[in-house]
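>>> Quick one, what's the 3D model for this:
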Amino acid sequence: MKQQDLLEKIGNLSKLTTDVAFRNSFMANPRTVLEKEFPELQLPADAKIFLHENTAQELHVILLPAEQTVFSDQLEDAVERILDKAIESDSFKKLLIADPKGTLSNELPDFFVPDNFRMYFHENKANEIHLLVPPLQLADEELSEAELDAVVGGSRGRGPHVGRKRGGGGPKCRSQSFRVGGR
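As a prediction, this is how the structure comes out:
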């Protein structure tokens, strides 16, 4: 199974978002749960698995090996070019991983990231697998529209306006849309 397929399967594993016991089990021992849920998955014995969760103040981006699909149609062309460059150039990838905000601001002068917003780029390797865990959403505790807006990039008038000039239209990064926000 390709790493991109695994990332998509994890993102679509609804039990991670609704079943607290399953989620806790996954967080405690992801390898065991992955092998049980996806018997066709063949993880190398020495592979380390790292789990990450995007929040209103953090964005994690997984860089996959060059031969695998990484991008979606929802990414802006400029951001996609940066990710392409990271895959093609090891030195640029190291810069992006070490200093995401600085590297992005050097490459894309109009790319804005608020000081309190953290960005991380993680590189998947044969023996190091980073997975994005979808946020927990209990069925009986649905989020309000305001809470949903905050999760996807800040409620109107406040919250981060990541990836664009102040007052500009927000980019779409993977399936997450950053909304227009105030100062």
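
>>> Helices along this protein, start to end?
3-11, 15-18, 20-28, 30-37, 77-88, 90-98, 100-107, 145-151 (DSSP state H).

>>> could you give the angle of the fourth one to helix 3-11?
What it means is helix 30-37. Orientation check (axes from the mean of the first three to the mean of the last three Cα atoms, to 10 degrees): helix 30-37 against helix 3-11 gives 90 degrees.

>>> list the helices and strands helix 30-37 packs on?
When contacts are defined as 3 or more Cβ pairs under 8 Å, 6 or more residues apart in numbering; DSSP states H and E, helix 30-37 sits against helix 20-28, strand 48-52. For glycine as for every other residue, the C-beta is placed from the backbone atoms N, C-alpha and C.

>>> can you list contacts of that helix?
The contact list for helix 30-37, computed with Cβ atoms under 8 Å, 6 or more residues apart in numbering, reads 6, 9, 13, 22, 25-26, 41, 43, 47, 49, 51, 131.

>>> Go ahead and confirm residue 133 touches residue 51.
Yes - with contact defined as Cβ atoms under 8 Å, residue 133 reaches residue 51; the gap is 5.2 Å.

>>> So which of the helices of the chain is nearest residue 59?
Closest to residue 59 of the helices of the chain, according to Cβ to Cβ: helix 100-107, at 8.7 Å.

>>> any idea of the angle the closest one forms with helix 77-88?
Between helix 100-107 and helix 77-88, the angle comes out at 110 degrees (the same axes, to 10 degrees).

>>> So which bits of helix 100-107 are buried?
Buried residues in helix 100-107, counted by 16 or more other Cβ atoms under 10 Å: 100-101, 103-104, 107.

>>> for stretch 109-125, same thing?
111-113, 117, 119, 121-124.

>>> Okay, and which of these map to strands?
Under the assignment DSSP state E, the buried residues of stretch 109-125 contribute 119, 121-123 to strands.

>>> can you give me the end-to-end distance of stretch 84-94?
In stretch 84-94, first residue to last residue: 13 Å (Cα to Cα, to the nearest Å).

>>> How far does stretch 110-119 stretch from one end to the other?
16 Å.

>>> Under the pLDDT cut-off, which ranges of the protein? List them.
For the chain, applying pLDDT under 70 flags the ranges 1, 65-76, 138-183.

>>> now with 90?
Along the chain, segments meeting pLDDT under 90 span 1-14, 17-18, 39-45, 47, 53-88, 101-102, 104-117, 119, 123-127, 132-183.

>>> for the helices and strands packed on helix 30-37, which one sits closest to residue 83?
Of all the helices and strands packed on helix 30-37, strand 48-52 sits nearest to residue 83, with 16.5 Å by Cβ to Cβ.

>>> Each with direction, which strands does the closest one pair with?
Within its sheet, and counting by DSSP bridges, strand 48-52 is paired with strand 128-132 (parallel).
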